[in-house]
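> Below: sequence and its predicted model.
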Amino acid sequence: MRDSVLTRGISTIVSILLALEACYFIWLGYALERLFRGAQNVSASDLLPSAIWTNFATGAVLIILAGAYTTNFWKLKSWFELPALLAVLYGAWGTWSGYPLMSSFESAFEGDAVSLGVISGVGFMTLGVFGLLAGAGERSKRSTG
């Protein structure tokens, strides 16, 4: 009983973290789109750069993953360990590369992109750690019965 509640709690945290990272990528795509549209010599008919579409697509995929993880669609929880490990590595790289340039965590509330990137990296590391914990809980649940 206790393992089930713990696993369900960890799964909820993973779903929330996936949704928050999705919001970050969608917001970043929107901010880049506003910067692009505000630039000189850019008309409304100009195509958006691929980096903007990549951020929107990443956000959409993370929202789909959050929903699939919550409902355990595609038995996602059983094979989530590799993406969780990749999330830890990606988050560690993002945090390590951006942290020396960051002025403060409070600057994220002012829209500082470096601070937001570092916070996103920490979020990915947390997501990966909880994803690995959830995978270990699923494995122990399968092995015990």
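That came through fine.
> Which residue is most remote from the mean position of this structure?
residue 41 (33.7 Å; Cα atoms, centre = their mean).
> Compute the number of surrounding residues for residue 101.
By the measure other Cβ atoms under 10 Å, the count of residues near residue 101 is 12. Quick note: C-beta positions are derived from backbone N, CA and C, even for glycine.
> Show the contacting residues for it.
residue 114 (Cβ atoms under 8 Å, 6 or more residues apart in numbering).
> do you know how far it is from residue 116?
According to Cβ to Cβ, to the nearest Å, residue 101 stands 12 Å off from residue 116.
> ok, and the spatially closest residue to residue 33 that is not a sequence neighbour, which helix or strand is that part of?
Nearest residue to residue 33, sequence neighbours excluded (Cβ to Cβ, 6 or more residues apart in numbering): residue 52, at 5.1 Å. Residue 52 belongs to helix 50-71 when assigned by DSSP states H and E.
> Give the other helices and strands that the helix or strand just after that helix contacts.
In the C-terminal direction, the helix or strand that comes right after helix 50-71 (DSSP H and E) is helix 81-98. Secondary-structure packing of helix 81-98 (3 or more Cβ pairs under 8 Å, 6 or more residues apart in numbering; DSSP states H and E): helix 113-144.
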